[in-house]
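1. Okay, structure incoming, though there's no sequence with it:
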């Protein structure tokens, strides 16, 4: 009886230690988010997985020029608005959308897609709700991990490497 009890306890201890080791291992592209209520009352919630450059080059190894990119890693990046909005002056109904992009040399096409609950690589152009072309920005810092934020002024800003871009969100009144 004592032997079986000792074996059971050791099994539980090793099993718990293994589970703990699995939980503490950092993810290659950890989840991140940004939430804000803008000055004109729009609640914006962004959820994404944040990949790292790891010595790779944007536009070549990652987020290739001219190709649809999932704008993040893992599951599709989501952007949610609680009100009808104007994004760079274009109308978009309230709701939750996946975020994709087509990087270019000087401009990037940002895509808000109606299908948001999916793996990031399952893009279907037929479900696009809005496409907005934005100018690429130079970023003085070399940001290792993708960062997407929203601020009270209604700007959604993406930075990665020496690259950045912004979209302006306003309530559609």
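-> Everything's here; your move. This one's a predicted model, so the numbers in the text were calculated from it and none came from an experiment.
2. Can you tell me how far the residue most central in space within the chain is from residue 41?
-> Centroid-nearest residue in the chain, with CA atoms, centre = their mean: residue 48, separated by 2.9 Å. Here the criterion is CB to CB, to the nearest Å. By it, residue 48 lies 24 Å from residue 41. Any C-beta I mention is one placed from the backbone N, CA and C, and that applies to glycine too.
3. Please point out which parts of stretch 55-62 sit buried.
-> Neighbour counts using 16 or more other CB atoms under 10 Å place 58-59, 62 of stretch 55-62 among the buried residues.
4. mind giving me JSON lines with those residues and columns for pLDDT, distance to residue 35 and secondary structure?
-> Listed next are those as JSON lines, based on pLDDT from 0 to 100; distance: CB to CB, whole Å; DSSP: H, G, I helix; E, B strand; the rest coil:
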{"residue": "58", "pLDDT": "86", "distance to residue 35": "26", "secondary structure": "strand"}
{"residue": "59", "pLDDT": "84", "distance to residue 35": "29", "secondary structure": "coil"}
{"residue": "62", "pLDDT": "86", "distance to residue 35": "26", "secondary structure": "strand"}
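5. thinking again about what came up before, give the partner strands of the helix or strand harbouring the residue nearest to the centre of the chain in its sheet and their orientations.
-> Element membership of residue 48 [criterion: DSSP states H and E] is strand 43-49. For strand 43-49, the pairing partners within the sheet under DSSP bridges are strand 31-37 (antiparallel), strand 73-81 (antiparallel).
6. So which residues make contact with that strand?
-> 27, 29-38, 71-75, 77-83, 99, 120, 146, 148-150, 154, 156, 169 (CB atoms under 8 Å, 6 or more residues apart in numbering).
7. for the protein, longest strand please?
-> Longest strand in the chain, counting residues (DSSP state E): strand 155-171.
8. If we go by neighbour counts, what in the strand holding residue 48 is buried?
-> For strand 43-49, a neighbour-count test (16+ other CB under 10 Å) marks 44, 46-49 as buried.
9. what mean pLDDT would you report for it?
-> Rounded to a whole number, the mean pLDDT of strand 43-49 is 98.
10. which residues sit in contact with the residue lying closest to residue 64 once chain neighbours are set aside?
-> What sits nearest to residue 64 in space, not counting adjacent residues and going by CB to CB, 6 or more residues apart in numbering, is residue 103, at 7.0 Å. By CB under 8 Å, 6+ apart, residue 103 lies in contact with 58-59, 63-67, 69, 136.
11. Show the buried residues in the residues you listed.
-> Buried positions within the contacts of residue 103, assessed by neighbour count (16+ other CB under 10 Å), are 58-59, 63, 69.
12. In TSV, list those residues along with distance to residue 91.
-> Putting these into TSV (distance: CB to CB, whole Å) gives the following:
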residue	distance to residue 91
58	31
59	30
63	27
69	24
